Every structure is written in C-alpha cells, then in structure tokens.
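Novice: Quick one, fold the following:
(chains A and B)
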Amino acid sequence: MVASSPGNNSAVLRWAGLVLVGLTLLALPFALAGVGTAWVRITNLAILFIFLSLGLNIVVGYAGLLDLGYIAFYAVGAYAYALLASPHFGLHLPFWAILPIGAAVACLFGVLLGAPTLKLRGDYLAIVTLGFGEIIRIFLNNLSSPFNITAGPQGITLIDPVRVGAITFGRTDIFVGLVFSGPVKYYYLLLLLLLAVIVINIRLQHSRIGRAWEAIREDEIAARACGINTRNIKLLAFAMGASFGGVAGGMFSAIQGFISPESFVLVESIMVLSMVVLGGMGNIWGVIAGALLLSFVPEILRYTVEPVQRAVFGRMLVEPEVIRMLLFGLALVLMMRFRPAGLFPSRLRRRELTQET
Amino acid sequence: MAEVLLEARGLTKRFGGVTALSDVSFTILRGEIYGLIGPNGAGKTSLFNVLTGIYAPNAGSMSFEGRPLDRLTPDRVADRGIARTFQNLRLFGNLPALENVMIGRHVRTRSGVFGAILRTGPTRREEADIARRARELLEYVGIQRRADMLAKNLSYGEQRRLEIARALATEPRLLALDEPAAGMNATERAALTRIMESIRERGITILLIEHDVKLVMGLCDRVAVLHYGVKIAEDVPEVVQRDPKVIEAYIGGSPA
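Specialist: Residues are numbered from 1 along each chain as shown, chains lettered A, B, ... in the order given. Take a look at the predicted model:
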C-alpha cells in the first residue's frame, strides 16, 4: 500500500537506495574496525538497543501502555542465556536453542507483569512496571543463597559465545583475506536478527492484532464494544514486547560473556523509553533513529569531552558521565517543547499535525 | 415479524443511593426499530450500558436470540451480535476512518500473531477481505471520500456516520444507537434517517435512543419511555404520544 510509486523511475531509485544502504551496512564493521574494535562493539550494543526499543514500541507506541520496567525482560533473557550456557550450572546448550527459550521465558514474565496490571493505565501502570523492573533486579542480586542461582552481584562469567556449526563467534577468523574479529561476526548476526525484528514489527503493525493494539491505545471502551478482548490483546502486547527484550538479552549475554544485575538498572529502562519517545512513538524508523542517536552520542561524548576540556581548560572540569546526563536531560526537555511527537513522528501523527487548522 | 430478539426482565441498576434503572422489562422484536425516549437522566444510557455489558445490573436478566446475555463482557456481547454507538462518540481519533471500520471487523476475523508475522495465505486473504468490507461500509454510510482522513478530523455528522459504519462492521443483529442525531442539522438528520431505514431493510434490528421526539415518532415501530429509571409507557408512537403519563414526564409536574 505504501509502496505505490508514481513511476518506474522512483521504484528504481528506491531499490538503488536499498542496495546502497545494504552495502553500507555490510561494509560498516570493517570501516569501524579501522578506527578501533571498540566502535564495532558500540555498534553491536546500539543494535541491541534497537531491538529493545522496537520491543518497547509495541507496548508503549502501539498499545499505549507505559512501561518503565522494560529492562527486566532484557535481564530475564540475558540470565536465561547465561544460566543455560556457562560453567555456572555446567550447561552448554547451543545458541539456536537458548534464544527461543530466552524469548519464551521473557514472554512468560511479560504475561506475569501484564496480568495484574490489566486495569491500570498511564501513571499507575508506569509505577507498577517501575516496581516490577526493580523487583527483578533485586531478585537477581539476591538469588545467590540458599541456592546459588544467579551468583548475586558477582554476576555470571565465562558465558559461551555463539557457535554456529564450525564458526565460533568469540574468536578471530581470517576469511578470504578479511579479518573477522568476534565483534564483527556478531555484528553480522545481529544485523540478520535485526532485519527479522523489523519485518516482524512492520507486519504486526499492519495486522488485525496491530490494529487492536492501536484501538486499545485510542479508546479502551470503544475497543471492547468492537469485540476486542482487551485483556488478551494487552497481554499479547506485553508478551510480544517482552520476547523482543528476551532475545536482545540473550545476545547481550553471548556478546559480553559476563553479566551482572548492574547492567539492568532503572536508568536503562528510562534510556530505552527515551529512545522510543525521542524517535517518535509508533514509527518503526523513528524508533530506530532514536535508538541509534541515544546509543552513539554518549559514546562520541565519552571520546571527545575529555580531550576538549584538556585542550580548553588544561584539565578535566566535568566528568563525561555528568555531561552525558546533562545533555540527555536537556535534549528531552527541548524535544518535549519543540517536537512532542518525536523527531520522526509516525505517518499518522504527522498527518494529524498538518490537518489541524 | 413477531419473533423476540431481545428480552429484558426486571433490570435494576443502582449507583450508590441512586437508582438509575428500576425493574425495567421490555422485549425487542426482530426487524423493528425500537425507540427509547425519556427526559435527561431517565436512565436511557444506563440501560444501554447494562445491555452491552459495560455495567453489571443489580437485578434482572436479559436474553438475546433465546440465549442468556447476563454477565457477558462487552466484547462477548459484540460477538453475540449486539453493536452500539456512543452518545459522546468514541472513535479511534488518531486512526484513519477506514482503519476505524477495519477494527470493527476484529470480532468476525481470526488472524493471530503468527499469521501476521508469517503473512500466511489465509491472513492475507482475510486482511484483503477486511479492507474491502470496511470500504463498502464507508460507502454505505456515504463517507468513502474520507477513508484516509483521521477520524478526529471528520465533521461531526461524518463522525456519527463513521461510528455507525464501525458498529455495522461487527455484523450485528441488533444495532443500538445512542442519540445518533444529537447535534446534527436538518440535512444530516434526514440522511441519518435514510441510513437507519436502509439498515432495517438489511434485516438489522435497531434500538434507538433519541431526544428528537419527531424523529423517533416518524421512524420507530414501537417506543418505550423511561422516567427516573422506570418504564412508564411502551407502545406504537401514536399511542405513546397521547399517554398522559408521558406528557407529564416531559412537561413536568402534575396539574393536580
């Protein structure tokens, strides 16, 4: 429907553009590796945040349910992977088996969170989900005794890297003269998963279920009068959103090789929510842009703030971390003031603004 | 024509100390337009909400097509074949008109998450069918040119019609309209009357709440009058119009 192109010319342009973007994405890790492998890692983390943002977008953007504890599902996915593929329990399941398990467990937690909060909306729901996120983190911190399940604050180490056939993702391989380091290999795997996640998101949005989510967001009573079982459809939104978080968590575990509850604090939840809001709620491309922006800008700051300050003042005055949060807060305030629908509002919302006279 | 479609017996609904409905009984026959009138606060909308499962009644029972309708949630009521519109319009404002009607098809379609993700044959066919039916309904109520506009940007009369189209999308046997002509001008009102008559010709029974007594009297086969939650009259319009109790309820205060 959207692809209705006025002529052959624009169709060709579209394809050319897609091919160009594809080639750029394929070549990207090598360019980044030239600057430093750290940047490949940063890119990988950025892709994970895109996963998270797209998952949260289902809950917040489509169904309109404000979730402030979303990072809990990331944690659940990460710990599911870590426990099933590390020396901690001596289990070493293959990656293709754990990822669906992680998604399923996260999905279950999504329903666990969704079920008691069905009647809540807005601020009230936000408070409960915030609490839920904290409960999960505190559990992870304390489930080390009497039975050592999560190893508490020490976290879980030596998590297996992804292995597909003969390819181990943790090692560096040389293939047709190109150096494929671990992060580069993960980059391609994540790119593949990301493609799947985007396709799933687009398809869900333009489906009977996607419309039902939007109906609930717009008017719950009218949605029920249309025969939508709001309970099931809301739970479905929580479950789908959580599964994306679970998959992202699993990949995070595999890439890092080490996880601890520290990675799953409230600020992370807020960060993901900010990505969704900054880019434009409900718009997949906007959400992706938001995730990329909020992933890369802090990293760029990390590498520039210190040298700049030393050059100007001769010493460090403000920590990069402080500046990061400062700019972050400023950006959000400016955004809410000047572009409340996000940097890239969804097609509908843009129409909404232009139609109003 | 005498087949009973909906039967309500002794419906009572209290909100704290206020009795919104008191022992209200009525039957709606298949194929008729049944009017429900009464002064403000008479309990008309409360009756709608009880009927469509939004409120649970304190007492009484209902049956639809011979099967009990009690304690069903609103979505189950829609599934059973009762659709409604709202007095204060409840459209999905930030969605296009067409999508509003497509959402009305939800209850008659089945595609789930996996169908959507894998875009299976049946899902694609169902999706095409949903869009086609929704366009037909927009045309039916005469707002096909507004299909891609956001619902909230339609004119008031168009929004009313859109809500009817959305309700029709659920394939109801009983369509309950809560003051559909409120705020409409004479032309819009005439168009609405035609739509309602045409809906009846399609074999859909209509339950109509309306303030405009002239419209009700011209359109309805039978009319019930609610006054302070009590049904004080029920008959063909000509009889109800002359009923002294009804006149008193509308004009207020008895002369002696």
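Novice: where does the chain have low pLDDT?
Specialist: No chain was given, so I picked chain A. Within chain A, the ranges that satisfy pLDDT under 70 run A:1-7, A:177, A:346-357.
Novice: The intended chain is chain B.
Specialist: With pLDDT under 70 as the threshold, chain B has low-confidence stretches at B:1, B:252-256.
Novice: can you tell me the residue of it closest to chain A?
Specialist: Nearest residue of chain B to chain A: B:V107, at 2.5 Å (C-beta to the nearest C-beta). From N, CA and C alone the C-beta is placed, and that goes for glycine too.
Novice: burial count for that residue?
Specialist: In terms of burial, B:V107 registers 22 neighbours under the definition other C-beta atoms under 10 Å in any protein chain shown.
Novice: Could you tell me which helix of chain B is the longest one?
Specialist: For chain B, the longest helix by residue count, based on DSSP state H, is helix B:121-140.
Novice: quick one: buried residues of it?
Specialist: B:123, B:126-127, B:130-131, B:133-134, B:137-138, B:140 (16 or more other C-beta atoms under 10 Å in any protein chain shown).
Novice: Could you list which of these also contact chain A?
Specialist: Among the buried residues of helix B:121-140, proximity to chain A is found for B:123, B:126-127, B:130 (C-beta under 8 Å from any C-beta of the partner chain).
Novice: Save the residues you listed as TSV, and put in distance to B:V77 too.
Specialist: Converted to TSV, those look like this (distance: C-beta to C-beta, whole Å):
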residue	distance to B:V77
B:T123	26
B:E126	23
B:E127	26
B:I130	21
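Novice: Mark out where each domain of chain B begins and ends.
Specialist: Residue ranges of the domains in chain B are recorded as B:1-81+B:172-256, B:94-169, according to automatic domain parsing.
Novice: Please report the distance of the most centrally placed residue in chain A from chain B.
Specialist: The C-alpha lying nearest the average C-alpha coordinate of chain A belongs to A:L52 (C-alpha atoms, centre = their mean; 1.7 Å). Note on A:L52: its distance to chain B, by C-beta to the nearest C-beta, to the nearest Å, is 19 Å.
Novice: quick one: buried residues of the helix or strand where that residue lies?
Specialist: Under the assignment given by DSSP states H and E, the secondary-structure element containing A:L52 is helix A:37-56. Judged by neighbour count using 16+ other C-beta under 10 Å, the buried positions of helix A:37-56 are A:37, A:39-56.
Novice: what does stretch A:181-192 give?
Specialist: Neighbour-count burial for stretch A:181-192 flags A:181-187, A:189-191 (criterion: 16+ other C-beta under 10 Å).
Novice: could I have that stretch exported to CSV, CA atoms only?
Specialist: Output for stretch A:181-192, consisting of C-alpha atoms alone and laid out as CSV, is shown next (Å, rounded to 0.1, in the frame of the first residue of the first chain):
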residue,chain,number,x,y,z
SER,A,181,37.0,-10.5,14.7
GLY,A,182,34.4,-11.6,17.2
PRO,A,183,32.6,-8.3,17.3
VAL,A,184,32.5,-8.2,13.5
LYS,A,185,30.9,-11.6,13.4
TYR,A,186,28.4,-10.7,16.0
TYR,A,187,27.6,-7.5,14.0
TYR,A,188,26.5,-9.6,11.0
LEU,A,189,24.5,-12.0,13.2
LEU,A,190,22.8,-9.0,14.9
LEU,A,191,22.1,-7.4,11.5
LEU,A,192,20.4,-10.5,10.4
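Novice: starting at the chain centroid, how far to it?
Specialist: Shown here is stretch A:181-192, whose average C-alpha point lies 16 Å from the average C-alpha point of the whole chain (C-alpha atoms, centre = their mean, to the nearest Å).
Novice: hmm, who's touching it?
Specialist: Contacts of stretch A:181-192 from elsewhere in the structure, counted by C-beta atoms under 8 Å, 6 or more residues apart in numbering or on different chains, are A:25, A:28-30, A:33, A:37, A:40-41, A:43-44, A:47-48, A:161-162, A:167, A:169-173, A:251, A:254-255.
Novice: can we see that at 7 Å?
Specialist: Residues from elsewhere that reach stretch A:181-192 (C-beta atoms under 7 Å, 6 or more residues apart in numbering or on different chains): A:25, A:29, A:33, A:37, A:40-41, A:43-44, A:47, A:161-162, A:169-172, A:251, A:255.
Novice: got it, and stretch A:31-47?
Specialist: The contact list for stretch A:31-47 (C-beta under 7 Å, 6+ apart) reads A:29, A:181, A:183-184, A:186-187, A:190, A:194, A:255, A:291-292, A:295-296, A:299.
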